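Student: model this:
(2 chains)
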Protein chains: 2
Amino acid sequence: MKVAVLGCGSVGSQVVRLLLEQADDLEARVGARIEIAGVAVRRLNAPREIEVPDGLLTTDSAGLVARDDVDLVIETIGGIEPARSLILRAFEHGKSVVTANKALLAEDGPTLFEAADKAERDLYYEAAVAGAIPILRPLRESLAGDRVTRVLGIVNGTTNFILDKMDTAGSGFNEALDEAQELGYAEADPTADVEGFDAAAKIAILASLAFHTRVTAADVHREGITEVTAADVKSAQEMGSVVKLLGIAELVPSPGFETVASATSSTSGGGSDQGGVSVRVHPAMIPRSHPLASVREAFNAVFVESEAAGQLMFYGPGAGGSPTASAVLGDLVTVARNRLAGTRGAGESAYADRRVLPMGETVTRYHVAIDVDDRAGVLAAVATAFADHGVSIQTVRQEGRGEDAQLVVVSHAATDAQLSATVKALREMDIVREVTSVMRVEGGDE
Amino acid sequence: MKVAVLGCGSVGSQVVRLLLEQADDLEARVGARIEIAGVAVRRLNAPREIEVPDGLLTTDSAGLVARDDVDLVIETIGGIEPARSLILRAFEHGKSVVTANKALLAEDGPTLFEAADKAERDLYYEAAVAGAIPILRPLRESLAGDRVTRVLGIVNGTTNFILDKMDTAGSGFNEALDEAQELGYAEADPTADVEGFDAAAKIAILASLAFHTRVTAADVHREGITEVTAADVKSAQEMGSVVKLLGIAELVPSPGFETVASATSSTSGGGSDQGGVSVRVHPAMIPRSHPLASVREAFNAVFVESEAAGQLMFYGPGAGGSPTASAVLGDLVTVARNRLAGTRGAGESAYADRRVLPMGETVTRYHVAIDVDDRAGVLAAVATAFADHGVSIQTVRQEGRGEDAQLVVVSHAATDAQLSATVKALREMDIVREVTSVMRVEGGDE
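Tutor: Residues are numbered from 1 along each chain as shown, chains lettered A, B, ... in the order given. Purely as a prediction, here's the structure:
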């Protein structure tokens, strides 16, 4: 069996290293020797983490993926192009493909899945989400006999590192970002991480698998962590919670299952009879007792709730060349075995075709901290603002501070539209000096 | 596709329920309708959790597994016989098998694997270890391109519940066991759980998959939790640790990789050139900062270390009818897909054939608490006892209490033979009034 490796950066070089170092074990596990046919790079003389054996490096990636002696292609280039064209070309030439490319899968997965189906070849991509953590295979296979109802993921290590620093060291966002950059956890341009683009791509992939529905990055409501303040973090601590950037994918029951649903809420989009899914990325407060709360530093974890299995969590390193290469090689063994057996694994499963709900229809809870005048009637006025929007209150904490007071309100579950309208109304009230913190609350009782 | 379900107890009844309730989803995921051919039970009129549709119940299990129209067999009876004979009979008649039977797999797995190979059919058993937690598939497939070096598992919910109560409520063992029995977490005869037999079966299965080596329950060094005292738990708390019953499977480097190995230590058993594996179940102190330390109540978790992926953890409910049924159904979907495609998954992988080390050769660390006379020279004498056995000391804590004192010693890594000989020597010393706590230390720096 011959494998072409595209890219020789931090992931590609570790893939090559493992292919060489573990060759005997891989042979025993696959049932055939896996040899490297070539390693496609942009520049032959660039500095690399490993020494690639003589004669394997090539700049002709299009030629490599089409070579007759190549059976399998591993794509570690990342980004949309040329990765997409090379993968499609690989399928056209009957190769099986393993990729770590979350951006491409989240943007244009269906094109790849259709090409794989047409070629009757495998497309595996465990490494695209949460690095070394086996999460796609469990969702796709282990939970295939169950009904997944919710996925909560800490799927971006950079933002978790920053929020963890803000929590443990009391840093502000900029200070924590500086430290993350110094330690190599954040890039010089941190936009993809701190604005939630990376997490959005990953939760789109997770949602697609969990709910058997096509979800792309464009469907994901996305909020980053740049506006999370030290005050938000402190407010979370005071209620026994911690702020995390969560990727969330939830199954929303069909209107028929809801007691208060209006018939008109299910007119847009397809598949509304089966209910819909909410897919989003935003910072949220979760209780310290939640298993995700103890995910520290740059680690990743994915928490899965399903009807029969209950609550599961998968934890580990979410990035890094060597962990990501482990996930790539795991896929490679499966794909190579399938090829030897003349078969392929399950392709895309999108039969459920559920509607992705707009954020306004998503049911969530808010934590709102408000500076108010400290005088009679203030609490009643604030409570009325919530009630006017149909939002009921779970807890209120009031703290006098001389002339003013701070009110911290945690709501019960309501739609995001109701909740954000409540906050807008609060901001317009005379007695409200400032709304100092607004954040969603997840992972607790509703 | 027709499936025969053997047993209709807490797992079997939930399997039947899910097969009926999720029939449409299962059909979409498998590509064929899955129908129940029959449900084999001992007594037709026994009380059951669910209503089995008319005509499906039968007492003729041997007849059911041999029926021509049956494609797949799910075994949820448990225990050695008649489960083994029925599974072997199923293979003889060309059926694929899914089982949740840890005891049978750990005692006589090879017989089953060979029967599956001979019949060219699948044998899947995710539900046998850690209930709903997907752990066998990740070990077998996701990590197939990596080298697993260690598996630490909290794989028995009953003992974790008891130890958690001892930790949080300060209960003694008997008190905590009573509570576990009242709440249904422990059986009237708790021997299989509290003496570690259940955990031993599970770690044998995990070790086999992780190290591509046959490990049976008989190979596992086993110590239960009946001798864990409130004093042990308190002593753990004082050093920032918690007591857990761990199933441990470790890859031990071959002698060539060790600097101090004697040539004579590798003469017994086969495969010594490849090193060996240590497979054991015993209570151990782990630091509170370790991800396994926060596994509370009756939850399970498996912590996996591998060369490329680093540290991974898989967490969830380790038992219960519905979670276990989720794992069974996940396997069923895979096995049914394979059958439709005319193929099968990877069979047993035991090519590495590593030696299982005796406990005495296993490298570990001890925590020892000793009541001693409070006089000059005592610490020197105790330290000398450790040194005489080649054991170096990591930390010592001494606490005067009037006429006597307590010494708490945590060793560096040494063989279990060296460490237990040290404890034996301490017990024989005049200045030692009592060795009050001896426990292994895992999950930290060595």
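
Student: Looking at the stretch 1-150 of chain A, which residue is nearest chain B?
Tutor: Minimum separation of the stretch 1-150 of chain A from chain B (Cβ to the nearest Cβ) falls at residue A:145, amounting to 2.3 Å. Any C-beta I mention is one placed from the backbone N, CA and C, and that applies to glycine too.

Student: near chain B, which residues of the stretch 251-400 of chain A show up?
Tutor: With the criterion set to Cβ under 8 Å from any Cβ of the partner chain, the stretch 251-400 of chain A comes near chain B through A:291, A:294, A:306-317, A:320, A:322-323, A:325-334, A:337, A:341-344, A:346, A:349, A:351-352.

Student: at 6 Å what do you get?
Tutor: Within the stretch 251-400 of chain A, the residues that sit near chain B (Cβ under 6 Å from any Cβ of the partner chain) are A:294, A:308-310, A:312-317, A:322-323, A:325-326, A:329-330, A:332-334, A:341, A:343, A:351.

Student: Just the ones of those residues in strands?
Tutor: A:310, A:312-317 (DSSP state E).

Student: what number of residues lie near the nearest residue to residue A:93 once chain neighbours are set aside?
Tutor: Counting by Cβ to Cβ, 6 or more residues apart in numbering or on different chains, the nearest residue to residue A:93 once its immediate chain neighbours are dropped is residue A:66, at 4.7 Å. Neighbour count of residue A:66, defined by other Cβ atoms under 10 Å in any protein chain shown: 18.

Student: Residue A:66 contacts residue A:92, doesn't it?
Tutor: No: in terms of Cβ atoms under 6 Å, residue A:66 does not count as a neighbour of residue A:92; the distance is 8.0 Å.

Student: Just the buried subset of the residues of the stretch 251-400 of chain A next to chain B, please.
Tutor: For these, a burial check counting by 16 or more other Cβ atoms under 10 Å in any protein chain shown picks out A:294, A:308-310, A:312-317, A:322-323, A:325-326, A:329-330, A:332-334, A:341, A:343.

Student: Quick check: chain neighbours aside, which residue is closest to the residue of the stretch 1-150 of chain A closest to chain B?
Tutor: Leaving aside its sequence neighbours, residue A:145 is closest to residue B:329 (2.3 Å, by Cβ to Cβ, 6+ apart).

Student: hang on, the earlier thing: how much space between the residue nearest to residue A:93 and residue A:291?
Tutor: Spatial separation of residue A:66 from residue A:291 under the definition Cβ to Cβ, to the nearest Å is 46 Å.

Student: List the contacts of the helix or strand bottoming out on mean pLDDT in chain A.
Tutor: Of all regular secondary-structure elements in chain A, judged by mean pLDDT, DSSP states H and E, the least confident is strand A:393-401 with a mean of 88. The list of residues contacting strand A:393-401 from outside it, by Cβ atoms under 6 Å, 6 or more residues apart in numbering or on different chains, reads A:374, A:386, A:405-412.

Student: Just send those residues back as a markdown table, with secondary structure and pLDDT too.
Tutor: Below are the contacts of strand A:393-401 laid out as a markdown table (DSSP: H, G, I helix; E, B strand; the rest coil; pLDDT from 0 to 100):
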| residue | secondary structure | pLDDT |
| --- | --- | --- |
| A:374 | coil | 85 |
| A:386 | helix | 97 |
| A:405 | strand | 89 |
| A:406 | strand | 91 |
| A:407 | strand | 93 |
| A:408 | strand | 94 |
| A:409 | strand | 95 |
| A:410 | strand | 95 |
| A:411 | strand | 96 |
| A:412 | coil | 95 |
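
Student: Could you turn the buried ones of those residues into a PyMOL selection?
Tutor: Filtering the contacts of strand A:393-401 down to the buried ones (16+ other Cβ under 10 Å) takes a single PyMOL command:
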select buried, chain A and resi 374+386+405+406+407+408+409+410+411
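
Student: hmm, which two among the contacts of strand A:393-401 are most spread apart?
Tutor: For those, the maximum inter-member distance is 26.0 Å, found between A:374 and A:412 (Cβ to Cβ).

Student: residue contacts, residue A:435?
Tutor: If a contact means Cβ under 6 Å, 6+ apart, then residue A:435 has A:370, A:426-427 as its contacts.

Student: Tell me where the model's unsure across chain A.
Tutor: Screening chain A residue by residue with the criterion pLDDT under 70, one finds the ranges A:255-274, A:445-446.

Student: just the helices in it please.
Tutor: A:10-21, A:23-30, A:61-66, A:83-92, A:102-119, A:136-137, A:157-168, A:173-182, A:191-194, A:197-211, A:230-238, A:321-340, A:378-388, A:416-427 (DSSP state H).

Student: Adding distance to residue B:55, write those out as a markdown table.
Tutor: What follows is the helices of chain A, written out as a markdown table (distance: least, Cβ to Cβ, whole Å):
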| stretch | distance to residue B:55 |
| --- | --- |
| helix A:10-21 | 54 |
| helix A:23-30 | 45 |
| helix A:61-66 | 55 |
| helix A:83-92 | 48 |
| helix A:102-119 | 39 |
| helix A:136-137 | 37 |
| helix A:157-168 | 54 |
| helix A:173-182 | 64 |
| helix A:191-194 | 59 |
| helix A:197-211 | 35 |
| helix A:230-238 | 57 |
| helix A:321-340 | 39 |
| helix A:378-388 | 56 |
| helix A:416-427 | 50 |
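
Student: most neighbours per residue, which of those?
Tutor: Sort the helices of chain A by mean neighbour count, taking mean count of other Cβ atoms under 10 Å in any protein chain shown, and helix A:197-211 sits at the top with a mean of 28.

Student: and that one, anywhere near chain B?
Tutor: No: counting by Cβ under 6 Å from any Cβ, chain B has no neighbours in helix A:197-211; the shortest distance is 10.9 Å.

Student: which residues make contact with that helix from outside it?
Tutor: Outside of helix A:197-211, the residues within contact range by Cβ under 6 Å, 6+ apart are A:102-103, A:105-106, A:129, A:139-140, A:148, A:151, A:155-156, A:192, A:214-217, A:220, A:222, A:247, A:249, A:277, A:279, A:281, A:352, A:354.

Student: same check, this time on stretch A:224-243
Tutor: Looking at stretch A:224-243 with Cβ under 6 Å, 6+ apart, the contacting residues turn out to be A:159, A:163, A:166-167, A:172-173, A:194-196, A:245, A:283, A:285, A:287-288, A:293, A:369, A:436-437, A:439.

Student: Excluding sequence neighbours, find me the nearest residue to residue A:150.
Tutor: Counting by Cβ to Cβ, 6+ apart, residue A:305 is the residue found nearest to residue A:150 once chain neighbours are left out, at 4.3 Å.

Student: Quick check: the one you found vs chain B, distance?
Tutor: Distance of residue A:305 to chain B, given as Cβ to the nearest Cβ, to the nearest Å: 10 Å.

Student: what sits against that residue?
Tutor: Applying Cβ under 6 Å, 6+ apart as the definition, the contact partners of residue A:305 turn out to be A:149-150, A:311.

Student: now swap in residue A:186 and tell me
Tutor: Taking Cβ under 6 Å, 6+ apart as the contact definition, residue A:186 lies against A:158, A:180.

Student: For beta bridges, what are the partners of residue A:410?
Tutor: residue A:367, residue A:395 (DSSP bridges).

Student: Run a quick check on it versus residue A:369, I expect a contact.
Tutor: No: under the contact definition of Cβ under 6 Å, residue A:410 does not touch residue A:369, with a separation of 10.0 Å.

Student: In stretch A:275-293, which residues are buried?
Tutor: So, applying 16+ other Cβ under 10 Å, buried residues of stretch A:275-293: A:275-287, A:290-293.

Student: Now do the closest residue to residue A:223 other than its chain neighbours against residue A:160, distance only.
Tutor: Leaving aside its chain neighbours, residue A:223 sits nearest to residue A:282 (4.0 Å; criterion: Cβ to Cβ, 6+ apart). When distances are taken as Cβ to Cβ, residue A:282 and residue A:160 turn out to be 14 Å apart.

Student: Tell me what residue A:74 is bridged to.
Tutor: For residue A:74, the beta-bridge partners under DSSP bridges are residue A:5, residue A:98.

Student: if I pick it, what's in contact with it?
Tutor: With contacts defined as Cβ under 6 Å, 6+ apart, the neighbours of residue A:74 are A:5, A:15, A:98.
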